[in-house]
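[1] mind looking at a prediction? Sequence and model below.
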Amino acid sequence: MHAGSLALILHAHLPFVRHPEHEEFHEEDWLFEAVVETYLPLLTMLRRLVVERLPVRLTLTLTPPLCAMLRDPLLRARTARYLDRGVEFSHREVERTASDPALNELARFYLERLTGLREFYQHEIEGDIVGAFAELQHDGVVEIIACAATHGFLPLMEEFPEALRAQILIGRDEYRECFGRDPVGIWLPECAYGPGIESILKEANLRWFVVDAHGLMYGTPRPPFAIFSPCCSPSGLAVFARDRESSRQVWSARDGYPGDPAYRDFYRDIGQELPEELLAQVYPEVGHRRNTGIKYHRVTGREPKEIYRRDWALGAVEAHATHFLQSRIQQLRHLAELLPVEPLVLSPFDAELFGHWWFEGPEFLESFLRQAATGADPVHLTTPTRYLIDHPTMPVVAPSASSWGNHGYWEVWLNPSNAWIYPHLHDAARRMTSAARDALAAGVPVADRRLRQMARELLLAQSSDWAFLMKTGTARAYAEKRTRDHLLRFSRLEELVGDGASDDALLAACEERDNLFPNLNWQYYA
């Protein structure tokens, strides 16, 4: 008998970045790096567990913008090109470091790793990452859950329920397109909850969602089992809460595992250090340096950084996976002594932490899942959906407004650096609703291209990523330009709809650039 259950959730998301007008575009590397360092390693790891028939379960979000990019022929071709360049560059690194045994061993490691990932991507799964994850869902290893259409920050749409509704229902529709079934659960973007969201989740036939710990603890009434058992909201949806203790052990910059000095340092990429003429032999000059994914140093903890030792890193992985497992066993045993129900610890993470930010993250996950499934004192790995099947009775609690951002509310996405975007987003949402209602009253065909593209531009402008990047200062100019460009295209398309005019060139250009959601239903705004 197990003392309780553990539900791991990996939230895989990137903003929609696609620039067919450029042969090379720096921000597209965000996708390619995540594919090579996170999504492909996770896929290969989970496939091994399927072959070995280990009883593991994992919950995964693949957001609609991410799925659109992973399925896009142009970006798939560019992902393959990125892998080809990585293999070629690692070949050159093997030659360049021939006189340095320590660096040469690492260069050979990267060559073997990238060659294997390229073979897996291009031939074994034929570039279909979404389809490969769908197979894992069919195998019962992962449960894939839904997300809002473009990861919009939903509580800040509270005054515009049509726009909020479109984000959720279009996200639900895209899940159906990608996975051929209806979702059961949803990851609210930024784990952000506010009143008014539940009724639309219920309309989308969703069964559960996640809030941060204080979103449940500050609920009404207070939850009788704290955050260690789901509650039922007044609308009838199950509400799960994030466990901060288990999350902090992994992601904390100060106390988390990734800061161990044995692990690979994220920032010391040779693309920032080698002479530019060496980089130009493989990578085209685009006016700035770029990361290659090849990094020779470990965290160390101080300067100068020491050379990365793969064997040391894998030893740390095993130790940390064992520590994480023992911590969860102790936590669940303690909770089982206190609670009259089987306790659940729910630990969500950004998927890109595992592999991209923390290079050894996929190995940590594999070691933990193996130990949890086969150890002498195993932990019951579950998903929220499975837990609800096993425990259908819950206390009723109305959750509190919350997010998993800094200080727990809206601060990251609404502050002096980005507050200027919201009057424009709100005005566009109001105008989109009006245009949709006018079109529906006039009997405009459901497949009207102009209204569909207006909705795409609004949805893309609403992405929470742009406000986040403005706040952090990372790619701020790009985030501001994306917001302005989508709103400008929205306004120009709105003029065509209002005047009954036709500008096929403008519409075709918008459709070519922002081509996600081919079957978008603009009537949701009406």
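    Looks like it arrived, so ask away.
[2] pLDDT below threshold where in the stretch 351-500 of the chain?
    498-500 (pLDDT under 70).
[3] which residues in it form helices?
    Shown for the stretch 351-500 of the chain, the helices assigned by DSSP state H, counting those that start in this stretch span residues 361-374, 384-390, 421-441, 449-461, 464-472, 476-499.
[4] packing partners for the fifth one?
    Spelled out, it's helix 464-472. Helix 464-472 is packed against helix 421-441, helix 476-499, with contacts defined by 3 or more Cβ pairs under 8 Å, 6 or more residues apart in numbering; DSSP states H and E. Every C-beta, even on glycine, is put in place using the N, C-alpha and C of the backbone.
[5] what's the angle from the shortest one to helix 464-472?
    Think helix 421-441. 170 degrees (axes from the mean of the first three to the mean of the last three Cα atoms, to 10 degrees).
[6] list the helices and strands helix 421-441 packs on?
    helix 161-179, helix 449-461, helix 464-472, helix 476-499.
[7] so the helix or strand hosting Leu60 versus helix 161-179, what angle?
    If you go by DSSP states H and E, Leu60 is part of strand 58-62. When the same axes, to 10 degrees is applied, the directions of strand 58-62 and helix 161-179 differ by 120 degrees.
[8] show the subsequent helix or strand relative to strand 58-62.
    Following strand 58-62 in sequence, per DSSP H and E, is helix 64-71.
[9] report the distance from the helix or strand following that next one to the chain centre.
    Using DSSP H and E, the next helix or strand after helix 64-71 towards the C-terminus is helix 73-96. In terms of Cα atoms, centre = their mean, to the nearest Å, the centre of helix 73-96 is set 24 Å apart from its chain centre.
[10] starting at the chain centroid, how far to stretch 188-199?
    That offset, for stretch 188-199, works out to 17 Å (Cα atoms, centre = their mean).
[11] now do stretch 108-118
    25 Å.
[12] could you do stretch 219-228 as well?
    So, by Cα atoms, centre = their mean, the centroid of stretch 219-228 is 28 Å from its chain's centroid.
[13] go on, stretch 183-201?
    16 Å.
[14] next: stretch 47-55.
    The answer for stretch 47-55 is 24 Å, by Cα atoms, centre = their mean.
[15] hang on, the earlier thing: most neighbours per residue, which of the helices and strands packed on helix 421-441?
    Mean neighbours per residue, mean count of other Cβ atoms under 10 Å, is largest over the helices and strands packed on helix 421-441 for helix 449-461, with a mean of 25.
[16] so which elements touch that one?
    helix 161-179, helix 421-441, helix 476-499, helix 504-513.
[17] show residues contacting that helix.
    Residues outside helix 449-461 that contact it (Cβ atoms under 8 Å, 6 or more residues apart in numbering) are 16, 149-150, 152, 163, 166-167, 170, 421, 424-425, 428-429, 432, 435-436, 439, 444, 482-483, 486-487, 489-490, 493-494, 496-497, 507, 510-511, 514, 516-517, 520, 522, 525.
[18] longest helix in the chain, by residue count?
    helix 310-338 (DSSP state H).
[19] ok so, going back, the strand holding Leu60 packs against which elements?
    strand 5-12, helix 129-139, strand 142-147.
[20] pairing partners for it, with directions?
    strand 5-12 (parallel), strand 142-147 (parallel) (DSSP bridges).
[21] dump the shortest one to PDB, restricted to CA.
    To tie it back to what came earlier, the one meant is strand 142-147. The C-alpha trace of strand 142-147 is given here as PDB (Å, rounded to 0.1, in the frame of the first residue of the first chain):
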ATOM      1  CA  VAL A 142       1.300  10.600 -20.300                       C
ATOM      2  CA  GLU A 143      -2.000  12.500 -20.200                       C
ATOM      3  CA  ILE A 144      -1.900  15.600 -22.400                       C
ATOM      4  CA  ILE A 145      -4.100  18.500 -21.200                       C
ATOM      5  CA  ALA A 146      -5.400  21.600 -22.900                       C
ATOM      6  CA  CYS A 147      -4.400  25.300 -22.600                       C
END
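[22] so it versus helix 129-139, what angle?
    Using the same axes, to 10 degrees: strand 142-147 against helix 129-139 is 120 degrees.
[23] and strand 142-147, how far out from the chain middle?
    11 Å.
[24] swap in the longest one?
    Here strand 5-12 shows a centroid-to-chain-centroid distance of 12 Å under the convention Cα atoms, centre = their mean.
[25] name the next helix or strand downstream of it, please.
    Next along the chain from strand 5-12, counting by DSSP H and E, comes helix 29-34.
[26] helices and strands around the longest helix of the chain, which ones?
    By 3+ Cβ pairs under 8 Å, 6+ apart, helix 310-338 packs against strand 5-12, helix 244-251, strand 344-350, helix 361-374.
[27] average model confidence for the shortest one?
    Rounded to a whole number, the mean pLDDT of strand 344-350 is 97.
[28] who does that strand pair up with?
    Assessed with DSSP bridges, strand 344-350 is paired to strand 5-12 (parallel).
[29] got the CA coordinates for the strand it pairs with in CSV?
    Provided in CSV are the C-alpha atoms of strand 5-12 (Å, rounded to 0.1, in the frame of the first residue of the first chain):
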residue,chain,number,x,y,z
SER,A,5,0.1,9.8,-4.7
LEU,A,6,2.3,12.2,-6.7
ALA,A,7,1.2,13.9,-9.9
LEU,A,8,4.0,15.5,-12.0
ILE,A,9,2.9,18.1,-14.6
LEU,A,10,5.2,19.4,-17.3
HIS,A,11,3.9,22.6,-19.0
ALA,A,12,5.4,22.8,-22.5
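[30] averaged pLDDT, it. What do you get?
    97.
[31] could you count how many residues lie near the closest residue to Leu516 other than its chain neighbours?
    For Leu516, ignoring the flanking residues on the chain, the nearest one in space by Cβ to Cβ, 6 or more residues apart in numbering is Ala68 at 3.8 Å. Residues within reach of Ala68, counting by other Cβ atoms under 10 Å, total 23.
[32] residues contacting Gln371?
    Gln371 makes contact with 321-322, 325, according to Cβ under 8 Å, 6+ apart.
[33] let me see the contact set for Glu342.
    Here Glu342 is in contact with 4-5, 229, 336, 390-391 (Cβ under 8 Å, 6+ apart).
[34] cool, and Arg96?
    Applying Cβ under 8 Å, 6+ apart, the residues near Arg96 are 107, 278.
[35] what about it, distance to Pro223?
    59 Å (Cβ to Cβ, to the nearest Å).
[36] and the spatially closest residue to Glu318 that is not a sequence neighbour, what does it touch?
    Excluding its sequence neighbours, the residue lying closest to Glu318 (Cβ to Cβ, 6+ apart) is Ser367, at 5.7 Å. Residues near Ser367 by Cβ under 8 Å, 6+ apart: 317-318, 321-322.
[37] can we see that at 10 Å?
    45, 314, 317-322, 324-325, 360 (Cβ atoms under 10 Å, 6 or more residues apart in numbering).
[38] do the same with Leu335
    3-4, 225-226, 228-229, 341-345.
[39] find me the pLDDT at it, would you?
    So, for Leu335, pLDDT stands at 95.
[40] so how far is Val317 from it?
    For Leu335, the distance to Val317 - Cβ to Cβ - is 27 Å.
[41] hang on, the earlier thing: among the contacts of Leu335, who's most crowded?
    Of these, with other Cβ under 10 Å as the count, Leu344 tops at 26 neighbours.
[42] now for the spatially closest residue to that one that is not a sequence neighbour: which residues touch it?
    Setting aside the residues directly before and after it, Leu344 is nearest to Ser5 in space (Cβ to Cβ, 6+ apart), at 4.9 Å. Going by Cβ under 10 Å, 6+ apart, Ser5 touches 57, 228, 328, 332, 342-346, 379-384, 386-387, 390-391.
[43] and Arg476, by the same measure?
    417-418, 466, 469-470.
[44] Ile200 now?
    Ile200 neighbours (Cβ under 10 Å, 6+ apart): 148, 154, 161, 164-169, 172, 206, 235, 524.
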